[in-house]
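Enquirer: Here is my input, please return the structure:
(one chain, ligands or ions: 1)
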Amino acid sequence: MTASKNPYLELLEIPPGYLNLMGYVDESEVNGPGCRAVIWVQGCLRECPGCFNPDSWSFEINQLMSVDALVEKITSNPRNEGVTFSGGEPFWQAPALANLARKLKAKGLNVMSFTGFTLERLQSEYAPAGSEDLLSQLDILIDGPYLQSQAVNSPDSTVSSSNQRVHVFNPAFKDQISWASDQTEIHVLKDGSRIVTGYLGQLFLSD
Ligand code: SF4
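Expert: Here you go, the predicted structure:
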């Protein structure tokens, strides 16, 4: 299989074993089943009109964090039952996310990811490097780009446009595909800054 490479990632040289992050929260209940950490990665080529997180498009280094530091951070909060990868495009950083997922699953956490790619594309020879490995670690995948023309405004929808699909790879989650995706959460951090998340995966940072 020939996996495609992202020229932006090569140029920016994210160190092996590190992720370039846009944001992070603990204990979210609006970004997947149960209570979970959420990682928003930095960088997306897609530029969907109406994207909820346009600040995530740039591939410039924003916040580098090692996989091991993230494992420590996520597992140090016992309320985190799992982790959700959002963005940005998680699959452009698939090798490091696959390693993170593997380490968290070994500790009993579950893993879910959003992606702007379709599952078929991620299973093809044109998938970003590491996609197969990351897919093998996921319990749930929500795939497809956000299409404003097919926007879903239903309060109990788990997708933001009707072309997107929920793939439940782990049957244990078949009955858990409902969360308050129309709700927002405000997380106040130790330094006083705030992260507002929820409503179909959007993320705002404010002081
Ligand atoms: S794939 Fe997601 S993060 Fe990327 S532009 Fe589209 S909506 Fe935004």
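Enquirer: Give me the average confidence score over the lengthiest helix in the chain.
Expert: Ranked by residue count under DSSP state H, the longest helix found in the chain is helix 94-106. Average pLDDT, helix 94-106: 98.
Enquirer: What's the first helix or strand after it?
Expert: strand 110-114 (DSSP states H and E).
Enquirer: circling back to that earlier point, and for the longest helix of the chain, what's in contact with it?
Expert: For helix 94-106, the surrounding residues in contact (C-beta atoms under 8 Å, 6 or more residues apart in numbering) are 14, 16-19, 41, 67-68, 70-71, 74-75, 82-83, 85, 90, 111, 113, 128-131, 133-134, 136-138. Any C-beta I mention is one placed from the backbone N, CA and C, and that applies to glycine too.
Enquirer: Pull out the buried residues from those.
Expert: 14, 18-19, 41, 67, 70-71, 74-75, 82-83, 85, 90, 111, 113, 128-131, 133-134, 137-138 (16 or more other C-beta atoms under 10 Å).
Enquirer: So which of the residues you listed sit within strands?
Expert: Counted as lying in strands by DSSP state E, out of the buried ones among the contacts of helix 94-106, are 18-19, 41, 82-83, 85, 111, 113.
Enquirer: With pLDDT and distance to the ligand added, can I get those in a markdown table?
Expert: Shown next, in a markdown table, are these (pLDDT from 0 to 100; distance: C-beta to the nearest ligand atom, whole Å):
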| residue | pLDDT | distance to the ligand |
| --- | --- | --- |
| Tyr18 | 97 | 20 |
| Leu19 | 97 | 16 |
| Val41 | 96 | 9 |
| Gly82 | 98 | 20 |
| Val83 | 98 | 18 |
| Phe85 | 97 | 12 |
| Val111 | 98 | 18 |
| Ser113 | 98 | 12 |
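Enquirer: Quick one: name the residues of this structure near the ligand.
Expert: Contact residues (C-beta under 6 Å from any ligand atom) of the chain with the ligand: 44, 46-48, 51, 53, 56, 87-89, 116, 145-146.
Enquirer: Need these in TSV (columns: neighbour count and distance to Val166).
Expert: Formatted as TSV, the residues of the chain next to the ligand follow (neighbours: other C-beta atoms under 10 Å; distance: C-beta to C-beta, whole Å):
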residue	neighbour count	distance to Val166
Cys44	23	20
Arg46	13	19
Glu47	10	24
Cys48	16	18
Cys51	19	20
Asn53	19	19
Ser56	22	21
Gly87	28	17
Gly88	29	20
Glu89	25	18
Gly116	22	15
Pro145	18	15
Tyr146	22	15
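Enquirer: what stretches of this structure score poorly on pLDDT?
Expert: Across the chain, the ranges flagged by pLDDT under 70 are 1-12, 155, 180-183, 188-207.
Enquirer: all helices for it, in order.
Expert: 7-12, 67-75, 94-106, 119-122, 131-137.
Enquirer: Switch these over to CSV; also include distance to Asp175.
Expert: Shown next, in CSV, are the helices of the chain (distance: least, C-beta to C-beta, whole Å):
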stretch, distance to Asp175
helix 7-12, 37
helix 67-75, 24
helix 94-106, 20
helix 119-122, 21
helix 131-137, 21
